[in-house]
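A.B. asks: below are the sequence and a predicted model; questions follow.
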Amino acid sequence: MEMTQKQSLKLEIDLVPKTCWYSNLRKNMPRSRWNKLRREVYEKADHVCEICGARSRLNCHEIWEYDDERQVQKLVGFQAVCDLCHHVRYFGRAELVAGESYLNVDDVIEHFKKVNGVGEKEFESHVQEAFRVWKERSHHEWKTDLGQFEFLVRSRK
């Protein structure tokens, strides 16, 4: 299947700007509250990956939107995703982990291609664009907006 510019992918690489690393909800709330939240996300997804449908170990993925003009990253929701989908989302980190022999990056690439129904050329094009955007965004200091989830950090119960 040939991927056009307007075709959206079911599973995309979503690299966090370097200047935003560790500016996430999970790192800024009590572990017990995070565990409760992620269990709720898994339950809502019927314990399956919301991207590929796998019934395997899940991760609670934070969904961020980036306002490139104002340099604001805003938390807009959560998604239950399997390990492979999570590794695709954070492909840069997956490459680092693979370099330490904890992960086979080829499995991650094959998962991207299978879920999206695309070939190597489309994968390469997507990964190049994702890293181009990451590089540009990493030149800026970003403000973090937790949006409707701000209360999870403020009240530390």
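C.D. replies: Nice, I can see it.
A.B. asks: list the buried residues of the longest helix seen in the chain.
C.D. replies: The longest helix of the chain (DSSP state H) is helix 120-137. Buried residues in helix 120-137, counted by 16 or more other C-beta atoms under 10 Å: 122, 123, 126, 127, 130, 133, 134, 137. Using the backbone N, CA and C atoms, a C-beta is placed for each residue, glycine as well.
A.B. asks: can you check stretch 26-45 too?
C.D. replies: 29, 33, 34, 37, 38, 41, 42, 45.
A.B. asks: sorry, back to before: then the longest helix of the chain to PDB, C-alphas only?
C.D. replies: Once non-C-alpha atoms are left out, helix 120-137 reads as follows in PDB (Å, rounded to 0.1, in the frame of the first residue of the first chain):
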ATOM      1  CA  GLU A 120      10.000  -0.200   4.400                       C
ATOM      2  CA  LYS A 121       9.900   2.900   2.300                       C
ATOM      3  CA  GLU A 122       6.900   4.300   4.200                       C
ATOM      4  CA  PHE A 123       8.500   3.500   7.500                       C
ATOM      5  CA  GLU A 124      11.700   5.200   6.600                       C
ATOM      6  CA  SER A 125       9.900   8.300   5.400                       C
ATOM      7  CA  HIS A 126       7.800   8.400   8.600                       C
ATOM      8  CA  VAL A 127      10.800   7.900  10.900                       C
ATOM      9  CA  GLN A 128      12.800  10.700   9.100                       C
ATOM     10  CA  GLU A 129       9.900  13.100   9.500                       C
ATOM     11  CA  ALA A 130       9.500  12.200  13.200                       C
ATOM     12  CA  PHE A 131      13.100  12.900  13.900                       C
ATOM     13  CA  ARG A 132      13.000  16.100  11.900                       C
ATOM     14  CA  VAL A 133      10.200  17.400  14.000                       C
ATOM     15  CA  TRP A 134      11.900  16.100  17.200                       C
ATOM     16  CA  LYS A 135      15.100  18.000  16.300                       C
ATOM     17  CA  GLU A 136      13.200  21.200  15.600                       C
ATOM     18  CA  ARG A 137      11.100  21.000  18.800                       C
END
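A.B. asks: nothing else from me, thank you.
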